[in-house]
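Undergrad: Quick check, what structure comes out for this input:
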Amino acid sequence: MASREQLQDTLCKRLFWHTAERNDGKVADYLFHRHEMDVVYAMDEATLFNSFFNYLQDIEVFPFLEHLDPKNQQRKNVPFAQILFVYLMKVVGSIKKMDQITDLLLTDELLMSMCGFNAYQVKNGSCKRGEKLRKTYVPAFRGALCVDTVAKHIVQTSERTK
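TA: Below you'll find the predicted structure:
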């Protein structure tokens, strides 16, 4: 099973980010001599995905992604673009199995907010469908979507639009 550390490592490798090793003594010495730092970035998966989505927006990919919408959803409580962003995170993060995205993506408030979900949806789910049929315990965070929902909608895009 993939872990959050493996996801971060894969993202750094995939997006070709070059990171520096931490040397607190050198940083303190540098700052002590009144040198200014241009910027400091937190290197986590949210930063990488934010940069990735900004890059996609800069090269104007989003209009092409809109054409992937299968438009045959019976219930459209979640726009297809949000599902597609989750799937892009899965692919870029090199998450091998769909079941793993629940723990790594769907229950992470920050990552799901980048896909257009809010904290309430991450904690309680996007709808109440299937709650009455549940035979297991209700987790503290249900996740913004069900893994089956993501898989079902992604496979509905036609080969012509892929």
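Undergrad: going forward, measure contacts between C-alpha atoms and count neighbours the same way
TA: OK.
Undergrad: Show me the shaky parts of the protein.
TA: The chain contains residues with pLDDT under 70 at 1, 14-21, 34-35, 37, 39-43, 72-75, 128-135, 137-141, 158-162.
Undergrad: Let me see the ranges of the helices in it.
TA: Assigned by DSSP state H, the helices in the chain fall at 4-14, 24-32, 45-58, 62-66, 80-92, 101, 109-114, 119-124, 147-155.
Undergrad: which residues touch the last one?
TA: Which is helix 147-155. With C-alpha atoms under 8 Å, 6 or more residues apart in numbering as the test, helix 147-155 has contacts from 70, 73, 80, 83-84, 86-87, 98-99, 101-102.
Undergrad: mind redoing it with 7 Å?
TA: Outside helix 147-155, the residues that touch it by C-alpha atoms under 7 Å, 6 or more residues apart in numbering are 83, 98-99, 102.
Undergrad: From the residues you listed, pick the one nearest residue 92.
TA: Closest to residue 92 out of the contacts of helix 147-155 is residue 98 (13.3 Å), distances taken as C-alpha to C-alpha.
Undergrad: Turn the buried ones among the contacts of helix 147-155 into a named ChimeraX selection, would you?
TA: Selection command for ChimeraX covering only the buried members of the contacts of helix 147-155, criterion 16 or more other C-alpha atoms under 10 Å:
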select :83,102
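Undergrad: still on that earlier bit, reformat the helices of the chain as TSV; add distance to residue 38.
TA: Below are the helices of the chain laid out as TSV (distance: least, C-alpha to C-alpha, whole Å):
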stretch	distance to residue 38
helix 4-14	21
helix 24-32	12
helix 45-58	17
helix 62-66	31
helix 80-92	28
helix 101	35
helix 109-114	25
helix 119-124	32
helix 147-155	40
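Undergrad: Which stretch among the ones you listed is buried most, on average?
TA: helix 101 (a mean of 23; mean count of other C-alpha atoms under 10 Å).
Undergrad: where's that one relative to the chain centroid, distance-wise?
TA: Distance of helix 101 from the chain centroid (C-alpha atoms, centre = their mean, to the nearest Å) equals 9 Å.
Undergrad: what does stretch 95-114 give?
TA: For stretch 95-114, the distance to the chain centre is 6 Å (C-alpha atoms, centre = their mean).
Undergrad: I would like the residues contacting it, please.
TA: Stretch 95-114 has contacts (C-alpha under 7 Å, 6+ apart) with 1-2, 4, 46, 90, 119, 122, 141-145, 147.
Undergrad: show me what contacts the residue of the chain positioned farthest from its centre?
TA: The centre of the chain is farthest from one residue, residue 33, which by C-alpha atoms, centre = their mean lies 39.8 Å away. Under the criterion of C-alpha under 7 Å, 6+ apart, the contact list for residue 33 is empty.
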